[in-house]
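> Everything below, folded, please.
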Amino acid sequence: MRRELTAVPVSRPSPCSQGSMSLAVDMRNLNVACVDMRNRGARSGRGRSACGFLSIMGGRQLPSNNSDVQNEPDLNRFRPVNEQLAILMRGVDCGDPRTRDNMETELRDRLAASRDSGKPLRVYCGFDPSRSDLHLGHTIPMRKLRQFQELGHQVVFLIGSFTGTIGDPSHQDSARAQQTLAEALDKAETFATQAFRILDRDTTIIDYNHRWLEKLTFGDVIDIASLFTVQQFLARHNFRQRQERGDAIWLHEFFYALMQAQDAVALETDVQIGGTDQLFNLMAGRKLMEARGMKPQTVLTYPILPGTDGILRMSKSSGNTINIDDDPGLMFTKVLNLPDEVVPLYCDLATRWDQATLDAAQHREKNDIAGVKRDLAKEIVSTFHGDDLAEQAATDAARMHGGDAPSSAPVVNVSEPMSVLDLLADASLVKSRGEGRRLVAQGGVRLNGETVSNPMLKVHPHPGQEQVLQAGKTRFLRLAHPTAKEPGTG
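Coordinates of the predicted model:
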C-alpha cells in the first residue's frame, strides 16, 4: 500500500544538507518527499555526496544500482527481450546507423540481464523548466519513458533545476537568457504536474539536479572538464555556425554538457532518453560514467518533432506549438491542419498506436491523408483530454467542415438587423474592424456557409432559427433570434 505523506508548508525544494532528510514538499497536488541518499550517493568524482532525493512514490528511497541486496529473480516480471526491444527501439535515431546499432545491442544485453535478475532498468530523461508549460514536442521522450514504465522498469523524471539556469545551447543560434534557481523551480511546479498526463504518477520518481550540481567544487568542475576538448565542442553544428558568423560563444555554455553528464553519474542510470539534438550531451554522460568506473549508460535519442508549420522545431518562440493544455477543439484543429509531409512522423512519435495500427495508417496515407489526420487528431486529443472529449472534438470538426458551428461556439442574440462587420467585432472574432474588412475581402467570412463579400451586409433576425457566422477556419458564432411575441403578450 502506498504510504501517504504529510506535506509541510514549503513552496519548493531547497538544497539538502548532509545526513538524513525529512523535508516534504507540496507541489500542487504532488506529495513529494526528500529522502536520504547516503546508501547510493551522487558521485562527483571526488567522493559521494548525501544529497536528498525527491520521490512521488510515497517517500520510498530510490535504491542503488550497486546495491549488494539481491532479490530472488522473478522471471515472469518482464516480457521477452525481443518484445521489449521492438517497442523501445521504435522511432530511435541516434544520428547514424552504426551508433543506433550499437545502442540497440547494448539495450538488448541490458534487457536480458534485467530479465534474468528480475531487476528493472533505471531510465531517465531530463527536462529544463525554461517555460512553465509543455507542448507536444516535450512529450515525445515522456512517451518512451512511459513505455519503459509499462514494461516494468524504473523511470526518473529529472527536472533541470540547475541546468535550467543556464539553458541548453544544443539547438540555439544564440546564447539562452539565464534565469535564477527560484525562477526555474517556479516553472517546474506546473511542468511536473503536466508530465503526469503521460507518465504513471504512482511509479514515476522526480528529482532536481540542483541537489548535486550546486554542491560541486571548482576542482570537481575542472576534473570533469579535463575529459573533453574545446575542439569537440566547436565541432557541434550550432557552435560551429556561430563561430563562422563571428557570433559570441560564451564559456558557460560549454558547461551545460558537463552538468548533464554529471546527472547520469549522480543517478547511476542504465538508459537515458533525449532528442537527437541532445546526442552530444548524452554521449558526454557515457564518457564521464566510464571515467568514474561505471558502466556507460545506453543512449536512445529520437527525432525532433516539427511544429504546426511543418518546418521549424516545435517551440513557443516559433509560435507553432500544440500545447498539452490546449482545449480539445483547438488541439484537434491544429492536428488536422498539419502539413501532409509531417503526418507520418507525428503518427510514429506522438501516438500510442501499436505497429499494426501504424502500418495501416501508413498504407492509407497516399489515398486518405485526411482520414489519417482525423484519426491522428482524435488519438492526440484522447491522450490529454480523454476519449469523450476527443469524440466531441471530432464531431465539432466535422460540423465546422460542413459550415456548421461546433457545439462549443458562443451564442449571441440578434434582435435587430446588424452588419457582418459589427457582429465580427462585437463578438471578438476579429481583433479589429480593419482585420474584419480584410478577412471579408480575402473571402474568409461565411454566413450560413455562403461567402460574404460585403462587410456591411445586414444579418436580419429569423425568429426561431439559428444562423452561423464563420471567420476563418476555426472561429464560429451562433446567431440566435428570439421568437417574435404574439400581439398583446408580455
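
> only C-alpha atoms for contact and neighbour calcs from this point on.
Will do.

> how about the helices in the stretch 251-400 of the chain?
Along the stretch 251-400 of the chain, counting by DSSP state H, counting those that start in this stretch, helices occupy 251-267, 279-291, 328-336, 343-349, 355-364, 369-385, 387-401.

> As a markdown table, these with mean pLDDT, mean neighbour count and distance to R437 would be great.
Shown next, in a markdown table, are the helices of the stretch 251-400 of the chain (pLDDT from 0 to 100; neighbours: other C-alpha atoms under 10 Å; distance: least, C-alpha to C-alpha, whole Å):
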| stretch | mean pLDDT | mean neighbour count | distance to R437 |
| --- | --- | --- | --- |
| helix 251-267 | 93 | 21 | 48 |
| helix 279-291 | 96 | 21 | 50 |
| helix 328-336 | 90 | 22 | 24 |
| helix 343-349 | 95 | 20 | 34 |
| helix 355-364 | 93 | 14 | 40 |
| helix 369-385 | 95 | 21 | 31 |
| helix 387-401 | 85 | 18 | 22 |
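
> Relative to T217, which of those is closest?
Smallest distance to T217 across those (C-alpha to C-alpha): 12.5 Å, for helix 251-267.

> Which strands or helices does that closest one pack on?
On a contact count with 3 or more C-alpha pairs under 8 Å, 6 or more residues apart in numbering; DSSP states H and E, helix 251-267 meets helix 210-213, helix 279-291.

> which one of those helices lies closest to A257?
Closest approach to A257 among these (C-alpha to C-alpha): helix 279-291, 4.7 Å.

> So what touches that closest one?
94-95, 224, 227, 256-258, 260-265, 272, 274, 295-299, 301 (C-alpha atoms under 8 Å, 6 or more residues apart in numbering).

> The protein - how does it break down into domains?
24-302, 328-401, 411-480 (automatic domain parsing).

> Can you add distance to L312 and give these back as a markdown table?
Below are the domains of the chain laid out as a markdown table (distance: least, C-alpha to C-alpha, whole Å):
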| stretch | distance to L312 |
| --- | --- |
| domain 24-302 | 11 |
| domain 328-401 | 11 |
| domain 411-480 | 23 |
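
> quick one on the thing from earlier: export the helices of the stretch 251-400 of the chain as a markdown table, with columns for distance to G137.
Listed next are the helices of the stretch 251-400 of the chain as a markdown table, based on distance: least, C-alpha to C-alpha, whole Å:
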| stretch | distance to G137 |
| --- | --- |
| helix 251-267 | 20 |
| helix 279-291 | 17 |
| helix 328-336 | 13 |
| helix 343-349 | 9 |
| helix 355-364 | 19 |
| helix 369-385 | 12 |
| helix 387-401 | 20 |
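
> Run through the stretch 101-250 of the chain and note the low-pLDDT ranges.
By pLDDT under 70, the low-scoring segments of the stretch 101-250 of the chain are 131-132, 167-178.

> What ranges does it have for its helices?
Using DSSP H, counting those that start in this stretch, helices in the stretch 101-250 of the chain cover 139-150, 181-195, 210-213, 218-225, 230-234, 237-245.

> out of those helices, deepest packed?
Across the helices of the stretch 101-250 of the chain, the average number of neighbours (mean count of other C-alpha atoms under 10 Å) peaks for helix 210-213, which reaches a mean of 24.

> Of all residues in the protein, which one is nearest the centre?
Among the residues of the chain, the one closest to the centroid is H138, at 2.1 Å (C-alpha atoms, centre = their mean).

> which residues does G274 contact?
With C-alpha under 8 Å, 6+ apart, G274 has these contacts: C125, G126, P141, L282, V299, L300, T301, Y302.

> Tell me what the closest residue to the second one other than its chain neighbours is bridged to.
When the adjacent residues along the chain are set aside, G126 lies closest to L158, with 4.5 Å between them (C-alpha to C-alpha, 6 or more residues apart in numbering). Partner residues in beta bridges with L158: G126, D207, with DSSP bridges as the criterion.

> right, and L158 touches M142 too?
No: counting by C-alpha atoms under 8 Å, L158 does not reach M142; the two are 11.2 Å apart.

> any common contacting residues for the two?
C125.

> Report the contact partners of E379.
Applying C-alpha under 8 Å, 6+ apart to E379 gives the contacts T351, R352, A390.

> what residues are up against T321?
Here T321 is in contact with H135, L136, G307, T308, M314, S315 (criterion: C-alpha under 8 Å, 6+ apart).

> Please list the members of the residues you listed that lie in strands.
Using DSSP state E, the subset of the contacts of T321 located in strands is empty.

> what about the nearest residue to H135 once chain neighbours are set aside, neighbour count?
Excluding its sequence neighbours, the residue lying closest to H135 (C-alpha to C-alpha, 6+ apart) is N323, at 4.0 Å. A count of nearby residues for N323, using other C-alpha atoms under 10 Å, gives 20.

> Much appreciated, bye for now.
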